[in-house]
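**Q** Here is a sequence with its predicted model. Questions after.
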Amino acid sequence: MDVIETRIDKQSAEYRENYAHNEALVARLNEALRQAHGDRSEKALARQREQGKLSVQERLDLLLDPQTPFLEIAPLAAYDLYDKKVHAAGIVAGIGVVEGREVLVHANDPLIKGGTIYPLGVKKGLRIQTICLENRLPVINLVDSGGAYLPLQSEIFPDLDDGGRIFYNQALISKMGIPQICGVMGLCTAGAAYIPAMSDEVVHVKGTGAIFLGGPPLVLAATGEEVTADELGGANVHCRQSGVSDYFAEDDAHCIEIIRQIVKNLPPVSKPEIGQRVARPPLYDPQELYGIVPQRINTPYEVREVIARLVDGSEFLEFKALFGPTLVCGWAHIHGFPVGLLGNNGVLFSDSALKATQFIQLCDKRGIPLLFLQNIAGYIIGKEYERIGITKDGHKMVNAVATATVPKFTVIIGASFGAGNYGMCGRAYGPRFLWMWPGAQIGVMGGEQAADVLITVKNEQLAREGQPPLPEEMVAQIRGPIIASALKEGNAYYSTANLWDDGILDPAKTRDVLGLAISAALNGPLRSDRYGYGTFRM
């Protein structure tokens, strides 16, 4: 493969200014993550110590193999939403290694509202189950939850993608033979009681763990019976009498020890062979991405410079390098895994869409995972381009992305607007994982473009009515709020708060995250469906 030769001048003023800007964005990200991991009330901490329970982080430290990575999923879910204290939507979740085996961990955080489930907590739980189903990863649930957050119950309970779907998915996961292991480390109330009940194996902590469909207050209100949580659904009840739980644990640490032994006892997994090589670092420091990514989202930059800092040895075999130049396609390796890369270098034209279609077909046919690096304003528009066939050529690309059966991964490294989001494998197109860089933006279109469209539409309406166009002061009054709204609702933090992605990444850590994600994806079949495509219009 050819080595990408960088053309970046690290001594230039532009590089230094970009570096300082992106370094500040990463510093903000790290502070947000620090708060999400550590901002807990003293009252909740005291209560936890009083009960003799471990924190979520302490549980993870005991569960995961020492010195192994943990790929956290959506650590900033619910960021700045609700009362701004429902960190990570009340759930710590991610992919880690237990007894040498890659697993998914889903752990309620009882220090956040007693572990009660908010609407975005349900959404995050469903996202974790989707990752499980797609990648066939065993699931470890560390349950410590007071059940649904009742003031928002109408957003949690009745719909297709609400709380009941979690238990529906548990049934499907079980049918597929994917192991589900549950540690009952606190309350499993109401619907949460079905999580252990539908798991393969359940470890129950005495004294603090309790499973019941209705807790003591509800039992008292409904029947007049006074009973403690332990008497109602503690470890003795469910290990000795009901049979709901399978293993009796003395405390949290003992529970984790038993879970590790259960994982060790699972049948071995055989990953598909995709031609993995010995991993090599890029020739260029990934932290140089800080100086490459522009400060403004509408400033173009060379995606090959990004690729050079992500792939092994900075080696890249470019496909159709002279055709469709606004989209870069080619083959490389990341941490030894082969990938087919697609990265934007401008608006998508018919030729770049056709190139993408052919390239995706080749990767899908050969069983090579796909990586999309999104920095896209959309597909080209205009009379001449419609005549050439941009609509049908864009359709071919979208069709190929949607029906590709190999694992797909997406990183939004800049803009992600309009149908360009679809063509470059946005969330709706089934990437196994999707992340954003701190300065990335997502939406139907950028704020300035949206303002221009609305102003143009208004002026055309006025013209039809025989009136003059909007005066400049009125244009400014319209433009300002639209741009402000687009910036607020299109930034990376708004996206990740609403679980439109799996997290915001430090650009310098993107390569390592991709390596972990590809490895995790290979726990499942290389193809998620039968190979083939729908109709491509001529």
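**A** Looks like it arrived, so ask away.
**Q** check contacts around the nearest residue to Leu152 once chain neighbours are set aside.
**A** Counting by CB to CB, 6 or more residues apart in numbering, Pro119 is the residue found nearest to Leu152 once chain neighbours are left out, at 5.7 Å. Every C-beta, even on glycine, is put in place using the N, C-alpha and C of the backbone. Listed by CB atoms under 8 Å, 6 or more residues apart in numbering, the contact set of Pro119 reads 152, 155-156.
**Q** same thing but at 10 Å, please
**A** 78, 81-82, 86, 89, 148-149, 152-157, 162-163 (CB atoms under 10 Å, 6 or more residues apart in numbering).
**Q** Show me just the buried residues among the residues you listed.
**A** Buried members of these, scored by 16 or more other CB atoms under 10 Å, are 78, 81-82, 86, 89, 148-149, 152, 155-156, 162-163.
**Q** Of the residues you listed, which is the nearest to Ile297?
**A** Of all the buried ones among the contacts of Pro119, Ile297 sits closest to Leu81, with 23.5 Å by CB to CB.
**Q** To which secondary structure element type does the closest one belong?
**A** coil (DSSP: H, G, I helix; E, B strand; the rest coil).
**Q** these two touch, right, it and Leu120?
**A** Yes - the criterion here is CB atoms under 10 Å, and Leu81 meets it with Leu120 at 6.9 Å.
**Q** quick one: common contacting residues for these two?
**A** Residues touching both Leu81 and Leu120 by CB under 10 Å, 6+ apart: 89, 497-498.
**Q** Report the two of the contacts of Pro119 separated the most.
**A** With distances taken as CB to CB, the most widely separated pair in the contacts of Pro119 is Leu81 and Phe157, at 19.2 Å.
**Q** can you tell me which of the shared contacts of Leu81 and Leu120 are in helices?
**A** Among the shared contacts of Leu81 and Leu120, the residues falling in helices (DSSP state H) are Ala497.
**Q** if we take the shared contacts of Leu81 and Leu120, which one ends up nearest to Lys408?
**A** Nearest to Lys408 among these, with distances taken as CB to CB, is Asn498, at 21.1 Å.
**Q** what's the pLDDT at that closest one?
**A** Looking at Asn498, its pLDDT is 97.
**Q** Quick check on it: phi, psi?
**A** Backbone torsions for Asn498, taken as degrees, to the nearest 10, come to phi -90, psi 10.
**Q** Could you find the closest non-adjacent residue to it?
**A** Counting by CB to CB, 6+ apart, the residue nearest Asn498 is Leu120, at 7.3 Å.
**Q** Okay, and the one you found sits in which element?
**A** Secondary structure assignment for Leu120, by DSSP states H and E: helix 119-135.
**Q** That helix - what's its average pLDDT?
**A** On average, helix 119-135 scores 97.
**Q** Give the next helix or strand downstream of it.
**A** From helix 119-135, the next helix or strand downstream (DSSP H and E) is strand 139-145.
**Q** before we move on, back to that, mind giving me a markdown table with the buried ones among the contacts of Pro119 and columns for pLDDT?
**A** Shown next, in a markdown table, are these (pLDDT from 0 to 100):
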| residue | pLDDT |
| --- | --- |
| Ala78 | 98 |
| Leu81 | 96 |
| Tyr82 | 95 |
| Val86 | 97 |
| Ala89 | 97 |
| Ala148 | 88 |
| Tyr149 | 88 |
| Leu152 | 92 |
| Glu155 | 90 |
| Ile156 | 91 |
| Asp162 | 91 |
| Gly163 | 91 |
